[in-house]
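Novice: Here is a sequence with its predicted model. Questions after.
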Amino acid sequence: MAVDPRQGVWIPVDRLRPGVFISLAGRWLDHNFLFNEFRITSDKQIQTLRDMGMDKVLCYPSRSTAAPLPAQAAPVVVVPPPAPSAEEVAETEARRQRIERISATREKLARCEKAYGKTAGAIRNLMQRLHASPRQAAEMAQEVVAETVAALIGNQDVVLHLIGQKRGDENAYFHALNVMILALMLGKSEGLGEAALQDLGMGALFHDLGKLRVPDPVLKKGSQRSRVEEDFYRLHTVYGEQIGTETAVLSPGALDILRHHHEHVDGSGFPDGLPGARVSVEARIVAIANRYDNLCNSAENAGMTPAEALSQMFRKETKWWDEPLLQRFIKNLGVFPPGSIVQLSNGAIGLVVAVNRSELLKPSVLIYDSSVPKNEANIVDLVDAAEVKIERAVRRDAVAPEVVEYLAPRHQVIYFYSDPAR
């Protein structure tokens, strides 16, 4: 059932009581409340609205747990604004600090997107050289991977962020970049050293190299491939190892990833049907990152949310993956990974943009609010909202189009990291 932007009715503030759901229908920075839309929980909140000089607010009966007071029974209360109490002064200071934190979050996201743009551009350039000069492309990739590895191992608590892809940026080679970033994050948390991370990054970046020798019609058929076509498709792992060897740049560790990133720990994968004990940890890492990104972003699974992708891998595909690695991967991404559209307990709809590593159930969420321009949208760190929690992840196709447009203009889920020290 679609989550629609509910219709509200204007009512006087004096008809409010706990249980009534309201919208302030204005800029969220103009008041002390954490959200523009919320359910009244105390008479103090009603008095705060009066003190703000508000005489009417939008009420949403369908989202309320109590009806407004009847018009004829509405109490008439005229209370002159008192001098700010110590508690109110503290609330104002808390609001100021919250605004500063949100501003810092926006700055971090902007830095993260700028860094992503630089790396994506470099990967686009080297991928465009693959056909003509695989060796040159591999040499260029070494620099990109080395820079990323150096940034990751130099920070103890790197944060994974959702990246807003710009319209018109149709390819951006986001799958190769996503798999590289996700694999390196998992490899770092697994305790791999710098040399192993370099091999991991190169193998992740070029894991689909062999598809250069597979015809496009076969690649595009997906699950509709015939048995013969599927056998041809599966050869891309062998072709990848061959092309990688021809570059004379990729290390044996990276080449192993190109060949074995579709192996499963139960021996049901390809091309060699190796059990997990015979597959390198780096190849097992790339297998997880590759599958997750494909579930989130492939044309065949366009509606799958990040939370659903993790659930699919954990509940339905457990036998395929290295279980400790998968559990660590889920911990890195959080219960509601960046890119998840979620419904909060106060009825708000939002988009998870970053994970809180210390409290996985309390990520940072971009809030949908039609009364606020999306470039000024409120970002709520749920650690600050003790009374609000995520109730559930919501599929994109269950959300009104205008909400999806506001929160996530593209269906692609793209990740990059930020340096918390900067």
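Specialist: Perfect, I can see it now.
Novice: Check which residues of stretch 405-418 are buried.
Specialist: Tyr406, Leu407, Ala408, Arg410, Gln412, Val413, Ile414, Tyr415, Phe416, Tyr417, Ser418 (16 or more other C-beta atoms under 10 Å). Bear in mind the C-beta positions are built from the backbone N, C-alpha and C, glycine included.
Novice: all strands for the stretch 151-300 of the chain, in order.
Specialist: With DSSP state E, counting those that start in this stretch, the ranges of strands along the stretch 151-300 of the chain come out as 159-163.
Novice: related to what we said a few turns ago, so of the buried residues of stretch 405-418, which ones are in strands?
Specialist: Ile414, Tyr415, Phe416, Tyr417, Ser418 (DSSP state E).
Novice: now the first one, nearest residue through space, not along the chain?
Specialist: By that I understand Ile414. Once flanking residues are discounted, Ile414 sits nearest to Ile163: 4.2 Å by C-beta to C-beta, 6 or more residues apart in numbering.
Novice: cool, the fourth one as well?
Specialist: With sequence-adjacent residues excluded and distances taken as C-beta to C-beta, 6+ apart, Tyr417 is closest to Val158, at 4.8 Å.
Novice: how many neighbours does Arg129 have?
Specialist: For Arg129, the neighbour count with other C-beta atoms under 10 Å is 16.
Novice: Is the residue nearest to it when sequence neighbours are not counted in a helix, a strand, or coil?
Specialist: Leaving aside its chain neighbours, Arg129 sits nearest to Ala137 (4.3 Å; criterion: C-beta to C-beta, 6+ apart). Secondary structure for Ala137, judged by DSSP: H, G, I helix; E, B strand; the rest coil, is helix.
Novice: For Ala137, list the residues it contacts.
Specialist: Leu126, Met127, Arg129, Leu130, Thr247 (C-beta atoms under 8 Å, 6 or more residues apart in numbering).
Novice: Could you report the distance from it to Ala71?
Specialist: Distance of Ala137 to Ala71, given as C-beta to C-beta, to the nearest Å: 72 Å.
Novice: Check Ser345 too.
Specialist: Distance from Ser345 to Ala71, by C-beta to C-beta: 30 Å.
Novice: related to what we said a few turns ago, looking at the buried residues of stretch 405-418, which one is closest to Thr305?
Specialist: Closest approach between the buried residues of stretch 405-418 and Thr305, by C-beta to C-beta: Val413, at 8.6 Å.
Novice: Give me the domain ranges for the protein.
Specialist: The record's domain parsing of the chain by automatic domain parsing lists 1-66, 102-332.
Novice: just how off-centre is the longest one within its chain?
Specialist: Here the centre of mass of C-alpha atoms in domain 102-332, compared against the chain's by C-alpha atoms, centre = their mean, to the nearest Å, lies 17 Å away.
Novice: First-to-last residue distance for that domain?
Specialist: 22 Å (C-alpha to C-alpha, to the nearest Å).
Novice: again with stretch 213-233
Specialist: For stretch 213-233, the first-to-last residue distance is 9 Å (C-alpha to C-alpha).
Novice: Likewise for stretch 121-137?
Specialist: Length of stretch 121-137, first residue to last, C-alpha to C-alpha: 13 Å.
Novice: Determine the longest helix present in the protein.
Specialist: helix 86-128 (DSSP state H).
Novice: hang on, the earlier thing: quick one: which of the buried residues of stretch 405-418 is nearest Ile379?
Specialist: Minimum distance to Ile379 across those is 11.5 Å, recorded for Leu407 (C-beta to C-beta).
Novice: That closest one: what's it in contact with?
Specialist: Ile341, Ile349, Gly350, Leu351, Leu366, Tyr368, Lys374, Val399.
Novice: Can you flag which of these belong to helices?
Specialist: Per DSSP H, these never map to helices.
Novice: Buried subset of these as a ChimeraX selection?
Specialist: A single ChimeraX command is used to select the members of the contacts of Leu407 judged buried by 16+ other C-beta under 10 Å:
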select :341,349,350,351,366,368,399
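Novice: okay, who's weakest in the contacts of Leu407 by pLDDT?
Specialist: In terms of pLDDT, the lowest of the contacts of Leu407 is Lys374, showing 80.
Novice: Go ahead and report the secondary structure state at the residue sitting nearest the centre point of the chain.
Specialist: What sits nearest the mean C-alpha location of the chain, by C-alpha atoms, centre = their mean, is Pro338, with 1.6 Å. Pro338 falls in the coil class when you classify it by three-state DSSP.
Novice: Start the count at 898 instead of 1 going forward.
Specialist: With the count now opening at 898, the last piece we talked about shows up as Pro1235.
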